[in-house]
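Peer 1: Predicted structure and sequence below. I'll ask about it afterward.
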Amino acid sequence: MLDDGRLTTRDTPEEWLLYSGAGEVAKRLAAELGSDVLLNAPVSSIRETKGRVTVTYGDGQTIKATSAVVAIPPVTRLQIQFQPPLPPRFVQLMQRTPMPSKWKVLAIYPNAFWRDQGFCGAASGNLSVLEQTADACPPSGRPGILASFVSGQQIGRFSQLSDREQRELVLRDLEIFWGPQAAQPLELVIKRWTEDPWITGGYGITRNPGAWTAYGSTWQEPHGRVFWAGTEQSTRWPGYFEGAIEAGLVAARQATAVLT
């Protein structure tokens, strides 16, 4: 924070980029945990009886534990059957806490040509599809990667178009931002977060009008021996890695406390 109250990049999560991309964090954690990480095995139910929880996952396999931590987007918690059932006010809050409508766009080039022109890759404007761009390159600038988003009401219209039409609109906006070179990427990746059943939308969360004042007091309440984590649960930097870490530490302390 500067003396005049302005925020600097040192006060925000955007100060850091990760070598090999954000997905590398999950891969390294999984490598440390080994066979304890199970893929393609979604949890279908969590039942608590006599101070123990039974988690049913995959094709009906179960695991018993002293407690459970659920670290998924709030609205997707409702896809799990809980016994005893979740409190009605908590369910109402989750129903009113959808993930934002957002898709991510990555345009990949041989090199970061905007750096050669003396630019940082950040752009913002009220264009037909894209709202902003950011430099998502490795430090070497090779390959060059521009990250952007399609957000909000634009998703409703954009999602009805063919893949070819979507690509054309994205490339047109990139060209408006960064010139003809931006319209010729080696690859254009569009991650349609709203179509992913495991997250249902972009990073961060939204809440319907009145949800917070009517049901917000239930937000941080555990459900018996079930504790809530995930970046959306954090009271600081929700939607970011930092938020996920802080929420995870809180849930770990809560889960540890019931072991004694």
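Peer 2: Arrived safely. Numbering: from 1, shown residues only.
Peer 1: Am I right that residue 145 is in a strand?
Peer 2: Yes. Assessed by DSSP: H, G, I helix; E, B strand; the rest coil, residue 145 belongs to a strand.
Peer 1: Tell me the predicted confidence for it.
Peer 2: pLDDT for residue 145: 95.
Peer 1: go on, residue 204?
Peer 2: 83.
Peer 1: And residue 154, by the same measure?
Peer 2: If you check residue 154, the pLDDT there is 89.
Peer 1: distance of it from residue 97?
Peer 2: Look at residue 154 and residue 97: by Cβ to Cβ, to the nearest Å, they are 22 Å apart. For the C-beta atoms, the positions are set from N, CA and C on the backbone; glycine is no exception.
Peer 1: for residue 58, same thing?
Peer 2: Using Cβ to Cβ, one obtains 27 Å as the distance from residue 58 to residue 97.
Peer 1: who has more neighbours, those two?
Peer 2: Comparing residue 58 with residue 97 by other Cβ atoms under 10 Å, the one with more neighbours is residue 97, at 21 against 13.
Peer 1: what about that one, distance to residue 75?
Peer 2: For residue 97, the distance to residue 75 (Cβ to Cβ) stands at 6 Å.
Peer 1: Residue 227 now?
Peer 2: Counting by Cβ to Cβ, the gap from residue 227 to residue 75 is 18 Å.
Peer 1: List the residues that contact residue 187.
Peer 2: If you count contacts by Cβ atoms under 8 Å, 6 or more residues apart in numbering, residue 187 has them with 106-108.
Peer 1: Please apply the same query to residue 211.
Peer 2: Residue 211 makes contacts with 92-93, 96-97, as judged by Cβ under 8 Å, 6+ apart.
Peer 1: mind putting those residues in TSV, distance to residue 234 and pLDDT included?
Peer 2: Below are the contacts of residue 211 laid out as TSV (distance: Cβ to Cβ, whole Å; pLDDT from 0 to 100):
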residue	distance to residue 234	pLDDT
92	21	97
93	16	96
96	19	95
97	14	94
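Peer 1: Sort out which one of those lies nearest residue 196 for me.
Peer 2: For the contacts of residue 211, the closest approach to residue 196 (Cβ to Cβ) belongs to residue 97, at 17.1 Å.
Peer 1: now the closest one: how far from residue 232?
Peer 2: 8 Å.
Peer 1: got any residues that touch both of these two?
Peer 2: Common neighbours of residue 97 and residue 232 (Cβ under 8 Å, 6+ apart) are 74, 205.
Peer 1: would you list every one of the strands in the stretch 151-260 of the chain?
Peer 2: For the stretch 151-260 of the chain, strands defined by DSSP state E, counting those that start in this stretch occupy the ranges 187-191, 226-228.
Peer 1: Paired strands for the first one, with orientation please.
Peer 2: Strand 187-191 pairs in its sheet with strand 102-109 (antiparallel), by DSSP bridges.
Peer 1: Can you list the buried residues in the strand it pairs with?
Peer 2: Within strand 102-109, the residues scored as buried using 16 or more other Cβ atoms under 10 Å are 102-105, 107, 109.
Peer 1: Run through who's touching that strand.
Peer 2: So strand 102-109 is in contact with 130, 136, 143-152, 155, 158, 170, 174, 181-182, 184-194, 201-203, going by Cβ under 8 Å, 6+ apart.
Peer 1: And for stretch 16-31?
Peer 2: Applying Cβ under 8 Å, 6+ apart, the external contacts of stretch 16-31 come out as 37, 136, 138, 241.
Peer 1: re the thing from before, go through the contacts of residue 187 and name the one nearest residue 54.
Peer 2: Nearest to residue 54 among the contacts of residue 187 is residue 106, at 40.8 Å by Cβ to Cβ.
Peer 1: What separation do you get for the closest one and residue 129?
Peer 2: 14 Å.
Peer 1: pretty sure residue 112 contacts residue 135?
Peer 2: Yes. If you go by Cβ atoms under 8 Å, residue 112 and residue 135 touch, sitting 6.6 Å apart.
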